[in-house]
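Undergrad: Turn this into a model:
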Amino acid sequence: MTVTLRSRASDLPFPSLAQLMEYIATNEVLTPRQRQETCSALRTVSRVIGRRPEEIAASPRELRERLARLTPPMAGVTRGRWNNVVSLMRGALKHAGLATIAGRSTEPMRRVGETFSGISMIVECGRVCRGLHTIAV
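TA: Numbers count the residues shown, from 1 in each chain. Got it, this is the predicted structure:
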């Protein structure tokens, strides 16, 4: 069975957490245990945020920002469980194709010898320098 993961509201860029759970629960690539643990983690995220899964966008950035302000005691779980919840949530987002690596450009690099003009050269140099800076760290 294949579930298409899209936002039900055309103006929303991300599906809801409930849709993500439905996608994970019916995904046959994952083992039954992985599906169960991942859905449990997503329900925990929903409970900790204080909203129903249908009301929470499965946006990696928004979820990361919301969860960064919380601690395991605030969530009512141990440090180990909280780490697992966050890890499983990230895995679900990645598995559904919703996660991207922060700061990583999805545009192809220009070919050697292509000419640059004005502002595009500055933008391209910025992209390259950020990449080099990241590698050097």
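Undergrad: got the contact list for W82?
TA: By Cβ atoms under 8 Å, 6 or more residues apart in numbering, W82 lies in contact with 71-72, 75. C-betas here are computed from N, CA, C, even on glycine.
Undergrad: Which ones among the residues you listed map onto helices?
TA: Among the contacts of W82, the ones falling in helices (DSSP state H) are 72, 75.
Undergrad: Same list (the contacts of W82) but as JSON lines, adding distance to Q34, neighbour count and pLDDT.
TA: As requested, these are exported to JSON lines (distance: Cβ to Cβ, whole Å; neighbours: other Cβ atoms under 10 Å; pLDDT from 0 to 100):
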{"residue": "T71", "distance to Q34": "26", "neighbour count": "9", "pLDDT": "90"}
{"residue": "P72", "distance to Q34": "23", "neighbour count": "15", "pLDDT": "92"}
{"residue": "A75", "distance to Q34": "22", "neighbour count": "18", "pLDDT": "90"}
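Undergrad: Can you add distance to V29 and give the contacts of W82 back as CSV?
TA: Output for those, formatted as CSV (distance: Cβ to Cβ, whole Å):
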residue, distance to V29
T71, 33
P72, 30
A75, 28
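Undergrad: Out of the contacts of W82, flag the one nearest to A58.
TA: A75 (18.6 Å; Cβ to Cβ).
Undergrad: Could you list the domains of this structure?
TA: 17-95, 103-137 (automatic domain parsing).
Undergrad: Would you single out the least confident of those domains?
TA: Confidence, taken as mean pLDDT, is least for domain 103-137 of the domains of the chain (a mean of 52).
Undergrad: Send me stretch 37-48 as CSV with only the CA atoms.
TA: Output in CSV follows, covering the C-alpha atoms of stretch 37-48 (Å, rounded to 0.1, in the frame of the first residue of the first chain):
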residue,chain,number,x,y,z
GLU,A,37,8.3,3.2,17.7
THR,A,38,8.4,6.0,15.2
CYS,A,39,4.6,6.6,15.5
SER,A,40,4.9,6.5,19.3
ALA,A,41,7.7,9.2,19.1
LEU,A,42,5.5,11.3,16.9
ARG,A,43,2.6,11.1,19.3
THR,A,44,5.0,12.1,22.1
VAL,A,45,6.1,15.1,20.1
SER,A,46,2.4,16.0,19.6
ARG,A,47,1.7,15.6,23.3
VAL,A,48,4.7,17.7,24.4
